[in-house]
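Chemist: Quick one: sequence and predicted model below, then my questions.
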Amino acid sequence: MQNASLESVFYSQKNHISPPFLSPSSSDSLFSPSPERHRVSVATNSGKRSPLNRFNNYQPALHPLRCTVELKQQMATEEAAQIQDPRIAGISSSIRVIPDFPKPGIMFQDITTLLLDPKAFKDTIDLFVERYKGKDISVVAGIEARGFIFGPPIALAIGAKFVPMRKPNKLPETQKFPYKLVSCKEGNVIRVYIASREVISEKYSLEYGTDIMEMHVGAVQPGERALVVDDLIATGGTLCAAIKLLERVGVHVVESACVIELKELKGRERLVDKSLFVLISST
Ligand SMILES: O=P(O)(O)OC[C@H]1O[C@H](OP(=O)(O)OP(=O)(O)O)[C@H](O)[C@@H]1O
Ligand SMILES: Nc1ncnc2[nH]cnc12
């Protein structure tokens, strides 16, 4: 079997960059059980790295749920089949890492340098589009702020609408009927305030703080199939909040897609059985 040689391609790279990865725990029908599922092309890893790029310790992305004795053999086979796409090295080397931003101890993954590189940016969008085109996804939900950069071009290319998942108090709410007048027993008219149902919110925790995410309820319909897009998964709190918001209004989240995964923060574990696809994974 060609596993040995493929593994050596994987592990001998100086720039250990993980291949695109689909959580096998996904019960979704995004991909048919055909060989297409893990189709990728051979890695050359020839892209030049920026001196500021600290993504220097990559390894193949493994889903924690896969780490059982029973699945070891299957894992080895699947990992060997996940040959890197040559475009990923260029994308990885275009990302800058800023130490101690926004707080001491945080290695900030800055995708603005990826955006300055048209090839890396296009390759990033293309890799996602190739994965999601024809998968019956009607909603791409992008997370503020950096999900607003990657989400819209993916949505346009796959023929889906784009729904922004915003920071609090940014989405306009309908204020037309903030209350209704109701007669009570005594014949008095009282004012009953109605919570606006235009925007729903989820509070969540981050690597460096907490935040609230909001979505317009009417933007999506129950039963729609959504892809959640962001630049990066760290602790997974942000993606969890986005998935919760969509599921609260009856949307089926097919998968979440990020450019970067910070594996050491174990966000994938927090997603439990929700499928996650990333282009680049760091340890
Ligand atoms: O997996 P998590 O621990 O939840 O972190 C990931 C989130 O953190 C970053 O956004 P940030 O909250 O810094 O907001 P910004 O994009 O508006 O700067 C990043 O763009 C993700 O959205
Ligand atoms: N290290 C990091 N770099 C960029 N965005 C982040 N969001 C959470 N952690 C981050």
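Modeler: Thanks, I have the structure now. Numbering: from 1, shown residues only. Ligands and ions are numbered 1, 2, ... in the order given.
Chemist: In the protein, spot the strand with the most residues.
Modeler: strand 252-262 (DSSP state E).
Chemist: Give me the mean pLDDT for that strand.
Modeler: When pLDDT is averaged over strand 252-262, the result is 98.
Chemist: what about that strand and ligand 1, touching?
Modeler: No: Strand 252-262 lies out of reach of ligand 1 by CB under 6 Å from any ligand atom, never closer than 7.7 Å. Every residue, glycine included, has its C-beta placed from N, CA and C.
Chemist: tell me what that strand is packed against?
Modeler: helix 118-132, strand 225-233, helix 237-248, strand 276-282 (3 or more CB pairs under 8 Å, 6 or more residues apart in numbering; DSSP states H and E).
Chemist: Stretch 241-251 and ligand 1 in contact?
Modeler: No: for stretch 241-251, no contact with ligand 1 is found by CB under 6 Å from any ligand atom; the gap never falls below 7.8 Å.
Chemist: just for this structure, where's the confidence low?
Modeler: 1-83, 174-180, 191-197, 207-208, 283 (pLDDT under 70).
Chemist: how many neighbours does Thr210 have?
Modeler: 9 (other CB atoms under 10 Å).
Chemist: Distance check, it against Asp100.
Modeler: Noted for Thr210: a distance of 21 Å to Asp100, by CB to CB, to the nearest Å.
Chemist: interface residues of the chain facing ligand 2?
Modeler: By CB under 6 Å from any ligand atom, the part of the chain that sits against ligand 2 consists of 106-109, 207, 232, 234, 262.
Chemist: what do you get if the cut-off is 8 Å, keeping everything else the same?
Modeler: For the chain, the contact set with ligand 2 under CB under 8 Å from any ligand atom comprises 106-111, 146, 206-208, 231-232, 234-235, 238, 260, 262, 265.
Chemist: looking at the helices and strands packed on strand 252-262, which is closest to Lys167?
Modeler: helix 237-248 (10.8 Å; CB to CB).
Chemist: Which residues outside that closest one are in contact with it?
Modeler: 139, 141, 143, 165, 200-206, 211, 213-215, 220, 226, 228, 230, 233, 253, 256, 258, 267, 270-271, 274, 276 (CB atoms under 8 Å, 6 or more residues apart in numbering).
Chemist: and if we set it to 6 Å?
Modeler: Applying CB atoms under 6 Å, 6 or more residues apart in numbering, the external contacts of helix 237-248 come out as 143, 165, 200, 202, 204-206, 213, 215, 226, 228, 233, 253, 256, 270, 274.
Chemist: Out of these, which comes closest to ligand 2?
Modeler: Leu206 (6.1 Å; CB to the nearest ligand atom).
Chemist: export the helix or strand that contains Ile88 as CSV, just CAs?
Modeler: With elements taken from DSSP states H and E, the one containing Ile88 is helix 87-93. The C-alpha trace of helix 87-93 is given here as CSV (Å, rounded to 0.1, in the frame of the first residue of the first chain):
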residue,chain,number,x,y,z
ARG,A,87,-2.4,25.6,-2.5
ILE,A,88,-2.4,25.2,1.3
ALA,A,89,1.3,25.9,1.7
GLY,A,90,0.9,29.3,0.0
ILE,A,91,-2.1,30.2,2.1
SER,A,92,-0.3,29.2,5.3
SER,A,93,2.8,31.3,4.4
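Chemist: do the next helix-or-strand element following it and ligand 1 meet?
Modeler: Where DSSP H and E defines the elements, the next helix or strand beyond helix 87-93 is strand 96-99. No: contact of strand 96-99 with ligand 1 is not found when judged by CB under 8 Å from any ligand atom; the minimum separation is 12.6 Å.
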